[in-house]
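here is the input, now give the coordinates:
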Amino acid sequence: MNSLRLRILFPLWLFGFLPAMGATRMMGQPLDWFFGLTGVLLGGGVFLAAYLISGWLLKPTTAVMKGTTAVLRGVPPDAQSAEWLPEDFWKLRCDINMIFAKQRQALNAAEQHACQNAQRLLNAERLLREAFTALQGLFAASDEGVLVVDAQGSIIASNSKLDDFLGSAVEEIAGRDASRVLNALKERFQEKAAISTWIENTTGNLESQDEIPPLATTDGRVFSLRSSPMRTDAGEVIGRIWIVKDRSELRVLENQLRESQKMGTIGQLAGGIAHDFNNLLTAIRGNLTLAELTPATNQAGVRDKLQNANHATTRAAELVKSLLGYSRRSTGTSIRKVTNLKRLLADVQNLLKHSVDPRVTIQMRGGMDASYVNADATQIEQVMLNLCLNARDALPADKGVIEIAVENVTHRNPSDAVGTDASDFVMLVVRDNGHGISEEHRHRVFEAFFTTKKGGLGTGLGLSTAQDIVREHGGWIEFDSEVGRGSEFRVFVPRVLNPDKVEDEDTVDHGPAINAPAGGQTTILVVDDEAPVRSIALNMLGFLGYRVLEACDGQQALDILLRSNEKVDAVLLDIYMPKLSGRDTFKELRAVGNDVPVVVCSGFVIDPDEFMILSQGHPPPVDIMLKPYSLDGLSKSLAKAVKKPEQDPAFDLTASRSSPPTAAMAA
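Numbering: from 1, shown residues only. Predicted coordinates for the structure are as follows:
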């Protein structure tokens, strides 16, 4: 504004000053006079007048400029400027304000959009960075060796698992040449020709996706190779991915599965053999017992020979019991009773005599106090045998000592894995002076199918099975071992302090028979599908004075019991039969309300709780007998079923050994 005023002021001053100089000259005054005091006053007056005139001339322009400035600043102009502004200026002001408002709004929107875009870019960058980090982590943590190759055969990426498989870093082997890595892969396998052919066929076809079956490597492990094309979203092949996977553990699991299936099959076979063998032993033992009771056997030496044969059947029955125990373990069947482990110790000692070299010394020790546990006696016996046989295999060929002990202990700190609050335990100790267990094998002692025995002498299931059984009984196993000096295994099972009922572990009943009725007034129905077993049962019961009926299966038994006029006082019922099994026969009897006393017998071990369910609120079986049953045992079981103390006279089987069989035997 000042420069404009100056540009107007100077011409005005000249316009006033120059005429004044001319007038002075025309008046005859010298110019020196003009430039004196008069000239100064005149020039000052002219300048003042020019200044005032320029201010007046510029006042509208100044008002417009101030108003425009005020409009641009968004404030109204002052009153002095407003009087010089034209009327249309206010409309211009509104238009300008509207334009600027729109510009400010557009600018704000642009700024907001720019901020949003910037935030989206930051979020996308963060997500991309996180995804890349996760991908890197997955790539590095993968249990498979991965090689990514582009279409030209150059390596894009690889992970550390592939480096481990190759034995050195990919960069050291091949740089970025994928073919050299594939050659190194081939060299790691035993069947190099097969791997080479597969790699050539796969790389020759970009579209191919193939996997080679697991093959053994030079270090004995098992690996598989897989290759797939790498594609864009549009489906274009831009490279190939090669994957190397360790299948060694899977192969081990497959072998373990086959072994488990094999052991399960053996268990079923053992159970079937034991069942059939028990039926044969029942017939043999029964005939030997009856022959022993015949007066003709009083000749010198005859009765002794019969007794020896009978004892042999007892031994055979014990061996079959072991087979049944193995079958029950294979099928998961467990029957627990309060059992004295010190009684089992004697049975184990008898079995070891036939399984251990005679030169090996077997020492048994233990106090006089009974050691009661709530256990499946057969399974605990299997634990003892497994530990003893494992000790046997660790002994030197010509000598050795196996020490076995059962003790009652108070263990204040049971194993954390047990989860029991019990403090009283029965401890079974098996100690040997064999070669011991090395440090590298200690952590694998209880691993299924792990064995260090050579030449197929072990399956690796002995200690694993023992540990499983003990854990199922609420206990645990500890061991100490020193190479060259031997091992000690300690089994802890919760102790029963005040047993109400103790299992009778004697397989043969040697005591006198319980009272049996005389005169053939009591009728027994024998139900068994095996003719020899049925025949010897008829003879035994006839000898004991019973009247006997027979049925070859469950359906025939139901016909006799439910649809005939025969009065039956008790039933001797086999379990495994065609047409209608013993279980179904018993269930149907109780379902129709027939409460006839039943004695169950079988070549397999039977769970009593099963028949409590089948009873449906009616009386359960009076007794459960395991074949081969003895005459004494049969007498006691049936006498419990039909006994009427006020009516039945005493019957002493021991005394009857010198008397001939009664006529009822022929019934």
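
helix, strand or coil for the residue positioned nearest the centre of the chain?
Residue closest to the average C-alpha location in the chain (Cα atoms, centre = their mean): Leu253, at 13.2 Å. With DSSP: H, G, I helix; E, B strand; the rest coil as the basis, Leu253 sits in helix.

centre of the chain to the lengthiest helix in the chain, how far?
Longest helix of the chain, by residue count under DSSP state H: helix 88-141. Centroid separation between helix 88-141 and its chain, computed with Cα atoms, centre = their mean, to the nearest Å, is 53 Å.

tally of neighbours for Ala110?
Neighbour count of Ala110, defined by other Cβ atoms under 10 Å: 10. Where you see a C-beta, it was placed from the backbone N, CA and C, and this is true even at glycine.

thinking again about what came up before, the longest helix of the chain - what's its average pLDDT?
Averaging pLDDT along helix 88-141 gives 82.

how much space between the spatially closest residue to Ser487 that is not a sequence neighbour and Asp163?
Of all residues not flanking Ser487 in the chain, Ser481 sits nearest, at 3.9 Å (Cβ to Cβ, 6 or more residues apart in numbering). Ser481 sits 38 Å away from Asp163, going by Cβ to Cβ, to the nearest Å.

now Val320
59 Å.

tell me which of these two has more neighbours.
The neighbour count for Val320 versus Asp163, taken as other Cβ under 10 Å, is higher for Val320 (24 against 16).

the more buried one against Ala274, yeah?
Yes. At 4.7 Å, Val320 counts as touching Ala274 under the criterion of Cβ atoms under 8 Å.

helix or strand next in line after the helix or strand harbouring Met230, which one?
Using DSSP states H and E, the element containing Met230 is strand 222-231. For strand 222-231, the succeeding helix or strand toward the C-terminus, using DSSP H and E, is strand 237-246.

pairing partners for that next one, with directions?
strand 144-150 (antiparallel), strand 222-231 (antiparallel) (DSSP bridges).

looking at those strands, which is buried most?
strand 144-150 (a mean of 19; mean count of other Cβ atoms under 10 Å).

what's the mean pLDDT across the strand holding Met230?
Rounded mean pLDDT across strand 222-231 is 88.

pull the distance from that strand to the chain's centre.
Relative to where its chain is centred, strand 222-231 has its mean C-alpha point 28 Å off (Cα atoms, centre = their mean).

and stretch 246-264, by the same measure?
Mean C-alpha position of stretch 246-264 versus that of the full chain (Cα atoms, centre = their mean) differs by 16 Å.

point out where the stretch 401-550 of the chain drops to low pLDDT.
412-421, 448-450, 452-460, 500-520 (pLDDT under 70).

same thing but at 90, please
401-424, 426, 433-474, 481-486, 495-522, 530-536, 539-540, 542-545 (pLDDT under 90).

what about the strands in it?
Remark: strands assigned in the stretch 401-550 of the chain by DSSP state E, counting those that start in this stretch are 401-410, 424-432, 476-482, 486-494, 523-527, 547-551.

okay if I get the ones you listed as TSV plus distance to Arg590 and mean neighbour count?
Formatted as TSV, those follow (distance: least, Cβ to Cβ, whole Å; neighbours: other Cβ atoms under 10 Å):
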stretch	distance to Arg590	mean neighbour count
strand 401-410	41	18
strand 424-432	39	22
strand 476-482	42	16
strand 486-494	35	22
strand 523-527	15	23
strand 547-551	17	21
